[in-house]
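A.B. asks: Provide a 3D model corresponding to the input given below.
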Amino acid sequence: MDDFNRLRFAQLELRLSVEPDGAISGALVFSDAPDDFLAMDITGKAANASLVHFTLTGKGQPDTPISDFHYEYDGIILPHWQTGVNQQQTLAGTVLRAADHGSGPDLAAAGQTASFLAVKRGG
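C.D. replies: A predicted model of the protein is given here:
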């Protein structure tokens, strides 16, 4: 397959907060629908004191069209090159669709996996 757009699940905005103890919270926002705010609530934990490895759970917010979404994420913070220029902090890892969502011809079956990248905006 040579068309990236046929491979991608989605392009979303990840908003995270990390507490000193490594607890992570936030939202994964479906930003392509400005009048229809859709988001998955994100919870997770950094796996070690360096905060390099993390796990996240994303669940659709109640009473929304994505309330049955459930995804699990396992990732790392990619390292910076000492001599790199204009690098942006980047998270990378894998995502698992942990539960079916939708129904009939629109069923998205559990078990699907993909890679993900999240690149921090700005400097």
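
A.B. asks: what ranges do the strands span in this protein?
C.D. replies: Per DSSP state E, the chain carries strands over the ranges 13-18, 23-29, 39-46, 53-60, 70-77, 90-97, 113-119.

A.B. asks: Let me have these in JSON lines, adding mean pLDDT as columns.
C.D. replies: Output for the strands of the chain, formatted as JSON lines (pLDDT from 0 to 100):
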{"stretch": "strand 13-18", "mean pLDDT": "91"}
{"stretch": "strand 23-29", "mean pLDDT": "94"}
{"stretch": "strand 39-46", "mean pLDDT": "94"}
{"stretch": "strand 53-60", "mean pLDDT": "95"}
{"stretch": "strand 70-77", "mean pLDDT": "96"}
{"stretch": "strand 90-97", "mean pLDDT": "96"}
{"stretch": "strand 113-119", "mean pLDDT": "93"}
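
A.B. asks: can you list those in TSV and add mean neighbour count?
C.D. replies: All C-beta spots, glycine's among them, are computed from the backbone N, C-alpha and C. Below are those laid out as TSV (neighbours: other CB atoms under 10 Å):
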stretch	mean neighbour count
strand 13-18	14
strand 23-29	17
strand 39-46	18
strand 53-60	19
strand 70-77	18
strand 90-97	16
strand 113-119	13
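
A.B. asks: Same list, the ones you listed, but as JSON lines with distance to residue 106 please.
C.D. replies: Formatted as JSON lines, the strands of the chain follow (distance: least, CB to CB, whole Å):
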{"stretch": "strand 13-18", "distance to residue 106": "23"}
{"stretch": "strand 23-29", "distance to residue 106": "20"}
{"stretch": "strand 39-46", "distance to residue 106": "18"}
{"stretch": "strand 53-60", "distance to residue 106": "14"}
{"stretch": "strand 70-77", "distance to residue 106": "16"}
{"stretch": "strand 90-97", "distance to residue 106": "14"}
{"stretch": "strand 113-119", "distance to residue 106": "18"}
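
A.B. asks: so who does the spatially closest residue to residue 27 that is not a sequence neighbour touch?
C.D. replies: The shortest distance from residue 27 to any non-neighbouring residue, by CB to CB, 6 or more residues apart in numbering, is to residue 39 (4.3 Å). Going by CB atoms under 8 Å, 6 or more residues apart in numbering, residue 39 touches 27-30, 60-61, 64.

A.B. asks: I am finished for the moment; much appreciated.
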